[in-house]
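Student: Predicted model, plus sequence, below.
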Amino acid sequence: DTEVTQTPKHLVMGMTNKKSLKCEQHMGHRAMYWYKQKAKKPPELMFVYSYEKLSINESVPSRFSPECPNSSLLNLHLHALQPEDSALYLCASSQDLRYTEAFFGQGTRLTVV
Amino acid sequence: AQSVTQLGSHVSVSEGALVLLRCNYSSSVPPYLFWYVQYPNQGLQLLLKYTSAATLVKGINGFEAEFKKSETSFHLTKPSAHMRDAAEYFCACRGAQKLVFGQGTRLTINP
């Protein structure tokens, strides 16, 4: 099983809403990542978790709040987002931070209205 | 710092023609290099990876890439393009605790 599962696939939320994106993997990977991807651009790293601890925060605004409840799950809590936050949000995992490859989920298409 | 540069934001080939997508890397140490493909509204799928073993790497869907240290290149090729190959392709290298992506190349296949 080399699958990273993200839910929901699509999400429309208002600027005052609170929502969460979920990511799950069962490959025993100990590193997990959140990326943001705008149209026609490469993915931009947001957060890295290693062994369930936050390792990297790429200066992401506090309206994005990551959480890693256990080694298989990664959440991204969203609050008071702006329309410019609309994007494809990708989760990925790798064996650890010394990985040779990362596996990506199918993404959540987020629209902020 | 490690980085990759993809030459050509858009490549267009005819069905059955050779596909060549260019990637050059900048690294002070032997790099780990990857090619990913992204179909519309989907995530990234790993096509192939170079991890300092064989310099010619074979991937999925008939793609392969050759690592050339003298040219600091890792170009992606496929002998015969198929319509289903139309997608965005990203070259990437391993940086400190993360992947570093190129800007991507959109591959269009003409019938």
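Tutor: Sure, I can see it.
Student: so what's B:Phe90 closest to, chain neighbours aside?
Tutor: B:Tyr36 (4.6 Å; C-beta to C-beta, 6 or more residues apart in numbering or on different chains). C-betas here are computed from N, CA, C, even on glycine.
Student: Direction included, what does the host helix or strand of the one you found pair up with?
Tutor: Taking DSSP states H and E as the definition, B:Tyr36 sits inside strand B:33-38. Listed by DSSP bridges, the sheet partners of strand B:33-38 and their directions read strand B:44-50 (antiparallel), strand B:87-94 (antiparallel).
Student: Name the stretch among the ones you listed that sits most buried.
Tutor: strand B:87-94 (a mean of 24; mean count of other C-beta atoms under 10 Å in any protein chain shown).
Student: How about residues contacting the strand holding B:Tyr36?
Tutor: For strand B:33-38, the external contacting residues (C-beta atoms under 8 Å, 6 or more residues apart in numbering or on different chains) are A:101, A:104, B:4, B:21, B:23, B:25, B:44-50, B:59, B:61, B:63, B:65, B:67, B:74, B:76, B:87-94, B:99, B:104.
Student: swap the cut-off to 6 Å and go again
Tutor: Here strand B:33-38 makes contact (C-beta atoms under 6 Å, 6 or more residues apart in numbering or on different chains) with B:44-50, B:65, B:74, B:76, B:87-93.
Student: same deal with stretch A:84-97?
Tutor: For stretch A:84-97, contacts defined as C-beta under 6 Å, 6+ apart pick out A:4, A:6, A:21, A:23, A:25, A:29-33, A:35-38, A:43, A:50, A:74, A:102-105, A:107-112, B:43, B:97.
Student: Same check on stretch A:11-29?
Tutor: For stretch A:11-29, with C-beta under 6 Å, 6+ apart as the criterion, the contacting residues are A:1, A:4-7, A:72-79, A:89, A:91, A:93-95, A:105, A:108, A:110-113.
Student: Between the two ends of stretch A:55-69, what distance do you get?
Tutor: 15 Å (C-alpha to C-alpha, to the nearest Å).
Student: mind checking how far it is from the chain centre?
Tutor: Taking the mean of its C-alpha atoms, stretch A:55-69 sits 9 Å from the chain's own mean (C-alpha atoms, centre = their mean, to the nearest Å).
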